[in-house]
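> next come a sequence and a model predicted from it.
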Amino acid sequence: MLGKQLKFNGKLGLQQRVLPGYRVPFFDLLARQCENGMSLFAGQARPVEMIAGGTTQIARHVEAENLHLLGGPLYFCYQRNFIRWLEEWQPDALIMEANPRYLASPSAVNWMHKHRRKVIGWGLGAPKQSGLWKRFIHQFDGMIAYSQRGAEEYAALGFPREKIFVAHNSVSAKPEKPDDRPLTIDHATILFVGRLQARKRIDSLLRACAEMESKPRLLIVGDGPEREALETLAKEIYPSAEFIGAKHGAELKPYFQQADLFVLPGTGGLAVQEAMSYGLPVIVAKGDGTQDDLVREKNGWQIEPENYEALSSTMKNALLDIARLREMGKESYRIAAEEINIEKMAETFVRALNSMST
């Protein structure tokens, strides 16, 4: 729980392009910290994105009318009823995704500023030396970054450091202490959780397991466009691989509990923090900066993306010493319990909001 002094004494508006199910616990937690309520403005994803939605219990969700334009690197989104929502909700402050591809954002910022209210951007970071991004982020009164790297990128574009806050990207609450895992095992269990798509490099994970002298049990939890191709590949090179299918929330618990090591060979994936909350050491490919804050020498390994040799050698090294692996898992749990969880994330959002009113 957050202390009484860390509440936002106002009415909050929060904009998202879509409302994924994994964000619901955070949004409801943040809504509890808003004395006069919180309204969440978010629309529907495109079917091809296969984003599992969710329903908030405390945050008031208003459906945005998303108009998806073009695709790939030319994708844009326009949310048609944005200003109507602002007029009806009349938020004292607005937090919105800091993404210039969302075409209604400038109008929303102008509306808030016209009514002398503050707007905070929330995002991964920004490309360096980008005039477009520099102009875009400077319309905000404050910035919340997913990671320290993202914060540095905003600062590099001239955004005032004192107005930048780091809310480590989290999907899990402060965890309960997991049960101790045995120090001796016959075969290690490796776990992957995420969407089955090409950029996740699950094919490399299958090949790396096939190369190991002591064959680990491999659990692949998730679904996606690559599932059929991956199952076909597994039959050829690693037939013992277990494809569990899509699991969410409490359904994931038994798989995290069975695992000895969590591996994310490709880019993206919020399951890393959840794996850490269960006391698992992790191997992840370097990505947008969120991994830098989560994965350290004491609890896991970061590898270069698309580097199969690095993945294979790191997995073999990780499983050489089970006692070391258990100690690294304890450090993962400590980080998830003390530093990076949705309670800490909400606390940073409230601090950012309160700083705007001083």
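Cool, got the structure. Numbers count the residues shown, from 1 in each chain.
> what number of residues lie near residue 233?
17 (other Cβ atoms under 10 Å). Where C-beta positions appear, they are placed from N, C-alpha and C, glycine not excepted.
> give me the pLDDT value at it.
Listed pLDDT for residue 233 reads 97.
> name the helices or strands packed onto the strand or helix carrying it?
Assigned by DSSP states H and E, residue 233 falls within helix 227-237. Helices and strands touching helix 227-237, as assessed by 3 or more Cβ pairs under 8 Å, 6 or more residues apart in numbering; DSSP states H and E, comprise helix 202-211, strand 242-245.
> swap the cut-off to 10 Å and go again
helix 202-211, strand 217-221, strand 242-245 (3 or more Cβ pairs under 10 Å, 6 or more residues apart in numbering; DSSP states H and E).
> contacting residues around the next helix-or-strand element following the last one?
Going back to what we said before, that points to strand 242-245. As assigned by DSSP H and E, the chain's next helix or strand after strand 242-245 is helix 253-258. Helix 253-258 is contacted from outside by 178-179, 181, 189, 191-193, 217, 219-221, 242, 244, 247, 262, 271, 274-280, using Cβ atoms under 10 Å, 6 or more residues apart in numbering.
> sheet-wise, list the partners of the helix or strand following helix 253-258 with their directions.
As assigned by DSSP H and E, the chain's next helix or strand after helix 253-258 is strand 261-264. Taking DSSP bridges as the criterion, strand 261-264 pairs within the sheet with strand 189-193 (parallel), strand 282-285 (parallel).
> where do the helices sit along the stretch 51-200 of the chain?
Using DSSP state H, counting those that start in this stretch, the helices of the stretch 51-200 of the chain run over 82-89, 105-114, 131-137, 148-156.
> measure how far the third one is from the centre of its chain, please.
A distance of 24 Å separates the centroid of the chain from that of helix 131-137, by Cα atoms, centre = their mean, to the nearest Å.
> other SSEs contacting it?
Under the contact rule (3+ Cβ pairs under 10 Å, 6+ apart), helix 131-137 is packed against helix 105-114, strand 118-123, helix 148-156.
> turn the helices and strands packed on helix 227-237 into CSV, including mean pLDDT and mean neighbour count.
Shown next, in CSV, are the helices and strands packed on helix 227-237 (pLDDT from 0 to 100; neighbours: other Cβ atoms under 10 Å):
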stretch, mean pLDDT, mean neighbour count
helix 202-211, 96, 21
strand 217-221, 97, 22
strand 242-245, 96, 14
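> minimum distance to residue 357: which of those has it?
Closest to residue 357 of those, according to Cβ to Cβ: strand 217-221, at 43.1 Å.
> so what strands line up beside the closest one?
Here strand 217-221 has these sheet partners by DSSP bridges: strand 189-193 (parallel), strand 242-245 (parallel).
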